[in-house]
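S.K.: Quick one: sequence plus predicted model below, questions after.
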Amino acid sequence: MVRTAELHPGRRLSVWFQDEARFGQQGTTTRIGADRGRRATAVRQVEFEWVYLFGSVCPASGRTHGCLLPYVDTAAMNAYLADFSRNLSPEEHALLVLDRAGWHRSRSLAIPANVTLLYLPPYSPELNPAELLWWQARDKKLSNQVYETIPILEQAVGDAWLWLIENPAVLRSLCLFPWIESAISN
């Protein structure tokens with residue numbers, strides 16, 4: 001087995017997990033409290049417009065990278081990978097773990113020289129800690145809201161992302177699964 005260190009001498013390896021999430025005007029309804037004997041109510045929109053947040057997290061360091069894009073396809077993934085690559089330090093090589101979405105495996109995907117892709121097994125979102133970022137954003141910041149326009153939705157999603165990434169220690173506690181910590185330390 002060839003190790004990444006042998007393929008990329010002089011480079012520090014960092015392990016990242018990547019995913020995308022769709023956030024829309026339909027929003028998310030979550031639990032809300034109400035006084036005893038009163039029915040809890042929450043707003044729910046029915047418009048069908050969305051924005052997509054591409055995000056990566058390095059569980060060991062708590063570092064993140066994110067881009068808000070209007071769609072998800074190979075061109076958007078190429079733009080995300082190029083931006084992700086530019087934000088790595090010159091001596092760093094990233095192992096980017098991601099699911100098997102069609103745009104992740106496209107033949108026209110332009111993979112930067114300082115990034116190696118590793119695909120998770122099919123139908124295994126529980127193995128990707130980046131999935132927890134979306135759950136936190138929806139549950140804590142984006143639920144039970146009305147977004148009248150796409151710019152308002154984009155601002156809310158951007159604010160939720162900034163809230164998520166403001167504390168690397170919280171990200172590590174959320175995303176550094178024991179099996180990841182064990183694999184990284186070996």
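M.R.: Good, I have the coordinates.

S.K.: Show me the strands in the protein, by range?
M.R.: In the chain, the strands defined using DSSP state E lie at 12-24, 50-58, 63-69, 92-98, 115-119.

S.K.: mind saving the C-alpha coords of the second one as PDB?
M.R.: I take that to be strand 50-58. Below are the C-alpha coordinates for strand 50-58, written out as PDB (Å, rounded to 0.1, in the frame of the first residue of the first chain):
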ATOM      1  CA  TRP A  50     -32.900  27.100  -2.600                       C
ATOM      2  CA  VAL A  51     -29.200  27.900  -2.000                       C
ATOM      3  CA  TYR A  52     -26.500  25.300  -1.500                       C
ATOM      4  CA  LEU A  53     -23.800  25.400   1.100                       C
ATOM      5  CA  PHE A  54     -20.700  23.400   0.200                       C
ATOM      6  CA  GLY A  55     -18.600  22.800   3.300                       C
ATOM      7  CA  SER A  56     -15.600  20.900   4.600                       C
ATOM      8  CA  VAL A  57     -14.400  20.400   8.100                       C
ATOM      9  CA  CYS A  58     -11.000  19.100   9.300                       C
END
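
S.K.: Tell me how far that strand lies from the chain's centre.
M.R.: Relative to its chain's centre, strand 50-58 lies at 4 Å (Cα atoms, centre = their mean, to the nearest Å).

S.K.: The longest one too?
M.R.: The gap between the average C-alpha position of strand 12-24 and the chain average comes to 4 Å, counting by Cα atoms, centre = their mean.

S.K.: Walk me through which strands that strand pairs with, and which way each runs.
M.R.: Using DSSP bridges, strand 12-24 pairs in its sheet with strand 50-58 (antiparallel), strand 92-98 (parallel).

S.K.: Next, Q145: phi, psi?
M.R.: For Q145, the backbone dihedrals (degrees, to the nearest 10) come out as phi -130, psi 160.

S.K.: I figured H104 was touching V97, is that so?
M.R.: No: applying Cβ atoms under 8 Å as the test, H104 and V97 come out as separate, 10.6 Å apart. (Each C-beta comes from the backbone N, C-alpha and C, glycine too.)
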